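Asker: Sequence first, predicted model second:
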Amino acid sequence: MPSVVLGVSGGIAAYKACELLRGLTESGHDVTVVPTAAALEFVGAPTWAALSGKPVTTEVWSSVHEVPHVRIGEHADLVLVAPATADLLAKAAHGLADDLLTNTLLTARCPVLFAPAMHTEMWEHPATQANVATLRERGAIVLEPAVGRLTGADSGKGRLPEPSEILHIALDLLARRLHNPDATTAQDLAGRRIVVSAGGTREYLDPVRFLSNRSSGLQGYALARTAAGRGAQVTLVAANVTLPDPAGVNVVRVETTAQLREAVLAASADADAVVMAAAPADFRPLTTSTAKIKKADDGTTPSIELTQNPDILAELSGNRPNDDIVVVGFAAETGDEAATVLQYAQAKLAKKGCDLLVVNDVSGGRVFGESDNEAIVLDANGGAVGIPRASKSAVAQAIWDRVLTLWS
Ligand code: CTP
């Protein structure tokens, strides 16, 4: 059973770590909770002990014969600190070890994931930013806090990302470690700026009606989440997706193809990779009525004249914001008597001019809204790599592996 240390430091978001703990134990992990003394001011030791099924202590003087200050960190497959306060990040960055959690952080040889939560001023303070940079340089994963409601009525950047999203990143890290036990932390996307688009755009006929498509956004969200988990700075341009924001990701919400185009091009200016997982509507109504279109009394039906939307992927590929950018497209294809899925996809790769094309066979409506996916990744040199059916997270990891080979 994989072993996880859940470090909890003293912030109001400590109560959300209970949900995280539940998620970790229910997904088959042996969890040792190591709160700081301040964390116990927010949530008491009995709660942690009951939920984890283990005794809980904050200091190094309990069960000394078992040398807990070394043993806990050494045996962990993942150390996750949520919430990580400014004080805890400062201690970790400076290697202080005055309680069980900070000792554990010094002895851990496994991936270490911090989910910070604090007031915006504290997060933005140069001291905190310098500490975060130091921790990231050393290979720790420090998620960007979410933007939203803080302790009181105030809101801003500094909120703990949703526990379910932190759990996703933790599970991805554990799965990758299982796959490659030698890698301490696979922060192979650290320092990379990545743009991912997701969801399906809406093209309005009038204020209440629109044309859209069946894209759920799940694959794009998995791409954003997994890239953040591998250390990238991620902007996710989301078109009409109702999923929770992935932890550590900057989410830009759009509705129409025109808005998606604008947001993707703006974010791509200094990007190392752009992945167009969104399904922008190819057509939009030539005109959008400002008032709701009424039914005619005589039963005549309106006809809708459509005009073509710009192709964002082709535009980005043909007019690259920098020489090193990797541009990835998606193709949802069906085969017919004229050509196979792969033949259509190869033609699409050539037409769009992107570096990689992730091809999904959607014959019979497969893929949409499903938690699993399978794909073939084509490259511009005629190469093709199959990604066998797996979770959309695993497919996302395989896509990032392909992107990494292009950079190298
Ligand atoms: N795409 C885009 N802008 C559009 C339409 C599509 O950037 N207006 C991107 C999608 O995000 C995806 C890729 O292009 O990465 C493939 O989209 P797809 O709809 O399959 O291709 P189309 O060009 O629309 O071809 P088809 O004629 O098969 O619909």
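Answerer: Thanks, I have it.
Asker: tell me the centre residue of this structure?
Answerer: In the chain, the centroid-proximal residue (C-alpha atoms, centre = their mean) is Arg225; its distance is 1.3 Å.
Asker: Make sure it is actually in contact with Leu167.
Answerer: No: under the criterion of C-beta atoms under 8 Å, Arg225 is not in contact with Leu167, lying 10.7 Å apart. Yep, even glycine has a C-beta here, placed from its N, CA and C like the rest.
Asker: any idea how far Val112 is from Gln129?
Answerer: Going from Val112 to Gln129 by C-beta to C-beta, to the nearest Å gives 18 Å.
Asker: Of these two, give the one with the bigger neighbour count.
Answerer: Using other C-beta atoms under 10 Å, the more surrounded residue of Val112 and Gln129 is Val112, with 26 against 12.
Asker: Look up which residues are beta-bridged to Gly156.
Answerer: Counting by DSSP bridges, Gly156 is bridged to Gly148.
Asker: Let me know how buried it is, in neighbour terms.
Answerer: Gly156 has 15 neighbouring residues, counting by other C-beta under 10 Å.
Asker: quick one, what contacts it?
Answerer: 119-120, 147, 150 (C-beta atoms under 8 Å, 6 or more residues apart in numbering).
Asker: Neighbour count and distance to the ligand added to the residues you listed, as CSV?
Answerer: Shown next, in CSV, are those (neighbours: other C-beta atoms under 10 Å; distance: C-beta to the nearest ligand atom, whole Å):
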residue, neighbour count, distance to the ligand
His119, 19, 38
Thr120, 16, 34
Val147, 15, 26
Leu150, 20, 35
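Asker: do you know how far the residue of the stretch 101-250 of the chain found nearest the ligand is from Asn373?
Answerer: Closest residue of the stretch 101-250 of the chain to the ligand, C-beta to the nearest ligand atom: Ser197 (6.3 Å). Computed as C-beta to C-beta, the Ser197 to Asn373 distance reads 17 Å.
Asker: Which residue of those two possesses the greater neighbour count?
Answerer: Ser197 (31 against 21).
Asker: Check for me that that one belongs to a strand.
Answerer: Yes: under DSSP: H, G, I helix; E, B strand; the rest coil, Ser197 falls within a strand.
Asker: Please list all residues in contact with it.
Answerer: Neighbouring residues of Ser197 by C-beta under 8 Å, 6+ apart: 220, 236-239, 260, 264, 274-278, 280, 312.
Asker: Ignoring the adjacent residues along the chain, who's closest to Ala345?
Answerer: The shortest distance from Ala345 to any non-neighbouring residue, by C-beta to C-beta, 6 or more residues apart in numbering, is to Val359 (4.2 Å).
Asker: and the host helix or strand of that neighbour, does that touch the ligand?
Answerer: Assigned by DSSP states H and E, Val359 belongs to strand 356-361. No: using C-beta under 6 Å from any ligand atom, strand 356-361 stays clear of the ligand, coming no nearer than 7.7 Å.
Asker: Beyond that strand, next helix or strand please.
Answerer: Using DSSP H and E, the helix or strand that follows strand 356-361 in sequence is strand 372-379.
Asker: buried ones in that next one?
Answerer: By 16 or more other C-beta atoms under 10 Å, the buried positions in strand 372-379 come out as 373, 375-379.
Asker: what do you get for stretch 189-209?
Answerer: 189, 192-205.
Asker: next one: that stretch to chain centre, how far?
Answerer: The chain centroid and the centroid of stretch 189-209 are separated by 15 Å, computed with C-alpha atoms, centre = their mean, to the nearest Å.
Asker: Between the two ends of that stretch, how far is it?
Answerer: One end of stretch 189-209 sits 41 Å from the other (C-alpha to C-alpha, to the nearest Å).
Asker: mean confidence score for stretch 254-265?
Answerer: Averaging pLDDT along stretch 254-265 yields 98.
Asker: Ile194 looks like it's in a strand, true?
Answerer: Yes: per three-state DSSP, Ile194 lies within a strand segment.
Asker: related to what we said a few turns ago, sort the buried residues of strand 372-379 by pLDDT and name the bottom one.
Answerer: Asn373 (84).
Asker: quick revisit: which of the contacts of Gly156 sit farthest apart?
Answerer: His119 and Val147 (12.5 Å; C-beta to C-beta).
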